[in-house]
Structure formats: structure tokens, C-alpha cells
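**Q** following is a predicted model, sequence given first.
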Amino acid sequence: MKRGFGLFTALLVIILFAAFSFAAPAKAPYRIGAIFSVTGAASFLGEPEKNTVLMLAEQINAAGGINGHPLEVIIEDSKSDETQAVLAAKKLLEKDDVVAIIGPSTTGESMALVPIMTNAKTPLVSCAAGAGITQPVSERYWIFKSPQYDTSAVEAIYTYMKRQGIAKVGIVSIATGFGDAGRKALNDLAPKYGITIVADERYGPKDSDMTTQLAKIKAAGAQAVINWSVGPGQVVVTKNWNALKMGIPLYQSHGWGSKKNIELAGKAAEGVIAPLGRLVVWDKLADRHPQKALLKKYSQDYEAKFKGEPGTFGGHAYDSLMMVVEALKKVGPDKAKVRDYIENKIKKWPGTGGVFTMSPQDHCGLDKDAFEMVVVRNGDWEILK
Amino acid sequence: MTVFLQFLFSGLTVGAVYALVGLGFNIIYNATSIINLAQGEFVVIGGLVMWFFTQSVQLPFLPSLLLTLLTAGLIALLMERLTIKPLKKTDLLLMIMITVAVSILLRGLLMFKFGKEPYVYDPFTAGEPLQIHGAILQQQTLWIFGITLLCIVLIYLFFSRTLLGKAMRACAVNPTAAKLVGINVERMIMISFVLSAAMGALAGIAITPVSLMEYDKGPMLAVKGFSAAIMGGLGRGRGSVLGGFIIGILESMTAGYLHSGLKDAVALVIMLAVLFFKPAGLFGSKAMLQLRKF
């Protein structure tokens, strides 16, 4: 009896193996590594990024893969930790032999990977925004990134303010890396647009009232307030701004682009202006806009599959992955050729974050045109002309 | 004038939050000499569970309030029965370490249940904020003041007029002597945990409409509330309220007249200075300080 069972199992295994080897495509899979902050402090970035990559890989393989090669994305969790990100990259490079890596989710982790990727001569397309990731570009030969620069968001705001005749602004920013970077960009770029910063205030990530900072800005004679933060802080500022009836417009950073913020701030959000990527306003774009079709498909697919909005962050993973996929399609799994393709052939390439144009001088490929100025009206987004 | 008033109101709003959290520390301290560092998490539980009952289950205000307080009390009961009571040796430092562990555990559980987004619900009363000399005071702030005041009065009456309250204070001063005169020390400790959790939850319920609530807001609230409590004199209800308002107003004035980047630093330096010259806190007495185990 026992022997019969063993024989049966062995037979079954052989049959299964045979079935699999027949079913599998004859071509070897293309391997891409992905490092995201799926858990830990930055998991609000890593979660939609992971979901996006899983969904896209599934779609690509269902459509026959890349030139018949199945796409295999190996996702590693960096736990929002730089050391873990480095370990994950080493594993992907040495054990899995990937042709390129996308991610990590945060600027710190991305910076930690720069020397490793450079030594391994393997392209990295980061999903983090920090300017230092791709600049100076002479030392970032193998490194690209898909999110827009903070400075581009600032330029979008200042350009719009200039048209509105606003010359004096008060800024209030959160005391985190995101707030620091935005504050620096706001201060550095102001003279170029003829804007004077009359007040430069800060608050902590868990502060519950920013009325003092706003009252000070108003007393300083500002014509507009700019708040630079992500998380609950931007909702609290919005509520305080509304309660104070400041009589001057409130501008938010590109971190404002989530319907959740409008829900939380309620009526207080009416009239708040922010530079946002087109992902959140895809349904309000003209049909001929080059990004519209892909934004629509991505947004709808994501919502159907994960019951939530992908947000800007999921979009970064989309752009990073699809750039590599496009390169693989054209030049095959050769690290140097993939790098050259992304640098030289990604021109006027529509992604979720904007229309990318990479060059040997610019490894991000986006400028202030990646943003639309968006205002909150009747609980919904409205694009400002 | 308008600007000064606005800074003051902002300071009072923030201060009331600290005061209310500080009060929670005092209850357990008065009964056990334990400092419950999970106090901040009970504030978060108050806000998030209230959101759950009013917005998700859509119960009316009062039933939600009672259910939220009940939930917080129940969690505190479990916390005390499962972590403090089984201890063979009643070492205070050990107990305080346990409350830290519980706070981490609670934060994790809250994250699983509620995720990382902030939550908010409508203020208790709708309507425009009050205008006083051009400065603005939100209605919810008045509610927070009222609740703080009510809590001080209730706590005062409880600890000085009721037998239960007096018995609890006896346990803190000398548990052995309290046991000898027939007080059930274990039960007193349990009750103090439940009461302080309810107090923390009440604070959370009151402040969420103003400041939003998310799973990891607890540590910041605990630090500020604890500062308020020791500044006013640990164990003194009025002290922690005064301490809370002083810290809140100091923060706001620093942000307004110096720079907002300095506000936490200045408030903490002044608190340290107060403790340096008057180690028992503003309201505490030297004699009490010597009796203290912490």
C-alpha cells in the first residue's frame, strides 16, 4: 500500500513537471528588482508602490510578456530603513541577477544605493523625490528618478502667483525632511520670481494647532500663505486658515493631492490651491492630452483591484517600472543598453507624473509643466487655467 | 492687540489639550505611584473609537460617548489584569517599563484597526468661531475648557470627599499600611487604571475635532501631558491643569514673538528651570516630594 502511494506520488510529480515545462514559454524571464518601504515609517509610500508593480507585472504577463519573455519583478521590503535597502539591493544584484532596480521609496534609502548601483553598473530608477538622487548628474551615471523635483512644484506655484500679482508670501512648513526641502526651495527661488517671503514659520509633525503661525503671517502683511507638509498637518493648517478668515489664499504643496484631505478638512478646504500631478485630475483633462488615456486606465484598474486611490506615490512606481519595461522591449536585458535607452530615448514619454524627457544632463526628465494648478471647489478638484 | 489675543487663544487651545492629558497621569499616580506611559494611547483610543461609533456605526453622540469611555475602560482593565496584576514583585520601575511596552502594543493594534490616516469628526456644536477683539476662538475649544474644568472638580471631589478616593490615595502613600487597615489594594489599582483610561479617552474625544487623530499621536501627547503634570506638581490636579496651560501659552508666545521653530525648546527649557528651582513643581510641596517614590 505504502509503496503504491509512493509510486503514485512520483508519477504525479513527473506529470506535473512535464506539464509545467510544456506550459512555460520557451523564453527566459526578464528580471527586475523592486525595493519599496512596504512596512515601517514610510509604508504609506511603499504600499501603493508594491500594489502598482504587482498589478502591472500581472497585466504585462497576461498580454504575453515583453517580446515573449515573461516579466519577473522581485519585490523586497526595505522596512523604511537604509541598511535594509542596501541589503535588499545586494541580494537582488548578486543572487537574483536583476537587470535593473526600481525604488526605493524614500530619498535617504535611494542615496544609500547610489554607490552600490554605480559599482554594480546597474540602472536604478528611484521612486523618491530628493534632488540629490540624480544631481550632480556626472556622479549619477546609473541613477534615474521618476518623481518631480520639489523645486518644480515651487516654480509652478510661483509662476501662478506672479500671474495673480502676488508679491509677498508667508510660508509655514513642517519640521521634517519633506518640509525642510520645500522650505529651502521656496526661499531659494523667491527672488527669481520677484517674490518676498515676509514670514517663514514652522511646526512639528504632531502639532494640533497652527493658528499662531498663521496669525503671525497675516500680521506680517502676506498676500498668500504657502504650507509645505504631508500628513495631518496640512489639514490642520487648512482648518485654522478657514477659522481665522484670513482673507488671503492658502497654497499647499504637491503633497495635498489626495481626496482624503478634502474629506478631512470638509468645507474648510474650499479655495485651497495646490500644484498637483495630473493623476488626481485625469478625468478633467482634455481627451487629446497625452497622459489622459494611461492615467484613466491606471486609476480605474487600481481602484477596481485595491479599492482605493493609487495616489501620486503609486504613480511613481508605475513610471519607474514602465520606463525599464520600455527599455527592455527595445534593447533586451543588457544593463548598459537599458541605461543608455532610458537616458537618450525617453523623450516626450507620457507617464503618470508628467511627460518625461530624459537627457545626459537631466535624469528626472520632468519640470514645472508636470503640475497643474488645482483648486478645491465644491469638494472636488478643479484645474485652474 | 488682536495678534496677542490670537496667540493667547492658540496657546489656551493647545494648553487645554496638555492639561487634560496631564490629569490622566495624576489619577494612576495618586493611586499607585505608577506613571502610566500608555496614557497617550488612551487619548488616541478615545478619538479613534469615538470616530468609529459616530461615523462608522453612526450612533448618536451620547451613546457613542458612553461606549467609547466603556471601551477605553475595558482596555485599561485588561491591561491592568494581564500585565500589572500578575507581577510577583511590585517594583515600580518594572511597572513603568510595562506601561511602555503596553503603549507600543496598543499603537500597533490601533494601526492594524485604523490604518495610518488621520481621522476627524464634527465639533460638538456647529457654528462660527467666536470673535473677541478680532481674534478667533473656536467653539470646540470652549468645550475642551469646560470638560477640563469638569474633570478637575470631579477628581477633586472624588479624591477628597469619597471613601473610595481616599482609600486610593492611601494605597499610593503606603500600600502595606493600606492593606492593614482593610483596603483592597489590588482593586484600587485596577479602578485607577480604568478611571484614568476613561479620562484620557475623554480628552481624545474632545480634541479630535480640532487637532485630528491618528494612531501614532500618543507619544507626543503623553510627553506634553506628562510635562504639564510634573510642572504643576505630580499628583496635583490643579497643578497639571495650570502646567498644561503654561506650557501651551509659552509655546504659542514663543512661536509668535520669537520663532515657531523654537517653541518646543523654549517651553521645555522653562519647564526644566521651574523644576530646578522648585523640584516639587508649582503646586507640590516639599513634604510630598519626600514621600514620593518617583
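**A** Here it is on my side, so go on.

**Q** show me what from the stretch 101-250 of chain A comes close to chain B.
**A** A:172, A:175, A:201-204, A:206, A:208-209, A:211-213, A:215-216, A:219, A:231-232, A:235-236, A:239, A:243-245 (C-beta under 8 Å from any C-beta of the partner chain). For glycine as for every other residue, the C-beta is placed from the backbone atoms N, C-alpha and C.

**Q** for PyMOL, write the selection for the buried entries among these.
**A** Buried residues within those, by 16 or more other C-beta atoms under 10 Å in any protein chain shown, are selected in PyMOL with:
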select buried, chain A and resi 172+175+201+202+203+204+206+208+209+211+212+213+215+216+219+231+232+235+236+239+243+244
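
**Q** which ones among the residues of the stretch 101-250 of chain A next to chain B map onto helices?
**A** A:211, A:212, A:213, A:215, A:216, A:219, A:232, A:235, A:236, A:239, A:243, A:244 (DSSP state H).

**Q** pull the most distant pair out of those.
**A** Spatial extent of those (C-beta to C-beta) is set by the pair A:219 and A:232 at 25.4 Å.

**Q** and residue B:170, what is it in contact with?
**A** B:177, B:178, B:181, B:183 (C-beta atoms under 8 Å, 6 or more residues apart in numbering or on different chains).

**Q** so which helix or strand takes in the second one?
**A** Just to be clear, that refers to residue B:178. According to DSSP states H and E, residue B:178 maps onto helix B:175-180.

**Q** quick check, pLDDT for the residue of the stretch 201-350 of chain A found nearest chain B.
**A** Nearest to chain B in the stretch 201-350 of chain A, going by C-beta to the nearest C-beta, is residue A:208, at a distance of 2.9 Å. pLDDT for residue A:208: 85.

**Q** try residue B:266
**A** For residue B:266, the predicted pLDDT is 81.

**Q** up against chain A, what does the stretch 151-294 of chain B have?
**A** So far as C-beta under 8 Å from any C-beta goes, the stretch 151-294 of chain B lies against chain A at B:207, B:210-212, B:214, B:216-217, B:220-221, B:252, B:255-256, B:259-261, B:264.

**Q** repeat for the stretch 1-150 of chain B
**A** B:3, B:6-7, B:9-11, B:13-14, B:17, B:116-120, B:129, B:135-136, B:138.

**Q** the residue nearest the centre of chain A: helix or strand, and which one exactly?
**A** Geometric centre of chain A, nearest residue: residue A:316, 3.2 Å, by C-alpha atoms, centre = their mean. For residue A:316, the host element (DSSP H and E) is helix A:311-331.

**Q** now that helix: buried residues?
**A** A:311-328, A:331.

**Q** let me know the secondary structure of residue A:279.
**A** Assigned by DSSP: H, G, I helix; E, B strand; the rest coil, the conformation of residue A:279 is helix.

**Q** one more: residue B:69?
**A** Going by three-state DSSP: residue B:69 is helix.

**Q** for it, which non-adjacent residue is closest in space?
**A** residue B:198 (4.7 Å; C-beta to C-beta, 6 or more residues apart in numbering or on different chains).

**Q** which residues does that neighbour contact?
**A** Residue B:198 neighbours (C-beta under 8 Å, 6+ apart): B:69, B:72, B:73, B:76.

**Q** what about it, which SS state?
**A** Looking at residue B:198 with three-state DSSP, the answer is helix.

**Q** what bits of the chain have low per-residue confidence?
**A** If you meant another chain, say so; for now it's chain A. A:1-26 (pLDDT under 70).

**Q** should've been chain B
**A** B:287-294.

**Q** just the helices in it please.
**A** Under DSSP H, chain B gives helices at B:2-32, B:39-51, B:61-79, B:92-114, B:139-161, B:163-173, B:175-180, B:185-211, B:218-232, B:237-253, B:263-277, B:286-291.

**Q** residue contacts, the one residue in chain B that gets nearest to chain A?
**A** Ranking the residues of chain B by distance to chain A (C-beta to the nearest C-beta) places residue B:211 first, at 2.9 Å. Counting by C-beta under 8 Å, 6+ apart, residue B:211 touches A:208, A:209, A:236, B:17.

**Q** now, the most widely separated pair of the residues you listed?
**A** Maximum distance among the contacts of residue B:211 (C-beta to C-beta): 12.5 Å, for A:236 and B:17.

**Q** give the residues shared as contacts by these two.
**A** A:208, B:211.

**Q** related to what we said a few turns ago, could you dump the contacts of residue B:211 to TSV with distance to residue A:156?
**A** TSV is the format used below for those (distance: C-beta to C-beta, whole Å):
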residue	distance to residue A:156
A:208	30
A:209	29
A:236	24
B:17	36
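
**Q** give the buried residues for stretch B:224-238.
**A** So for stretch B:224-238, counting by 16+ other C-beta under 10 Å, buried means B:224-238.

**Q** ugh, wrong one, stretch B:90-108
**A** So, applying 16+ other C-beta under 10 Å, buried residues of stretch B:90-108: B:95, B:98, B:99, B:102, B:103, B:106, B:107.

**Q** so what's the residue count around residue 129?
**A** You didn't say which chain, so I picked chain A. 25 (other C-beta atoms under 10 Å in any protein chain shown).

**Q** hmm, I had chain B in mind actually
**A** 19.

**Q** does it really touch residue A:240, like I thought?
**A** No: using C-beta atoms under 8 Å, residue B:129 makes no contact with residue A:240, being 10.2 Å away.

**Q** got a list of what the residue of the stretch 201-350 of chain A closest to chain B touches?
**A** A:236, B:13, B:14, B:17, B:207, B:210, B:211, B:212.

**Q** out of those, which comes closest to residue A:189?
**A** The closest of these, once distances to residue A:189 are taken by C-beta to C-beta, is residue A:236, at 25.9 Å.

**Q** from residue A:294, how far out is the closest one?
**A** For residue A:236, the distance to residue A:294 (C-beta to C-beta, to the nearest Å) stands at 35 Å.

**Q** coming back round to it: just give the nearest non-adjacent residue to the residue nearest to the centre of chain A, would you?
**A** residue A:127 (4.1 Å).

**Q** got phi/psi on the one you found?
**A** In terms of degrees, to the nearest 10, the main-chain angles of residue A:127 are phi -110, psi 10.

**Q** again with residue A:224
**A** Torsion angles, degrees, to the nearest 10, at residue A:224: phi -160, psi 150.

**Q** and for it, the neighbour number?
**A** 21.

**Q** just checking, it touches residue A:248?
**A** Yes: with contact defined as C-beta under 8 Å, residue A:224 reaches residue A:248; the gap is 5.3 Å.
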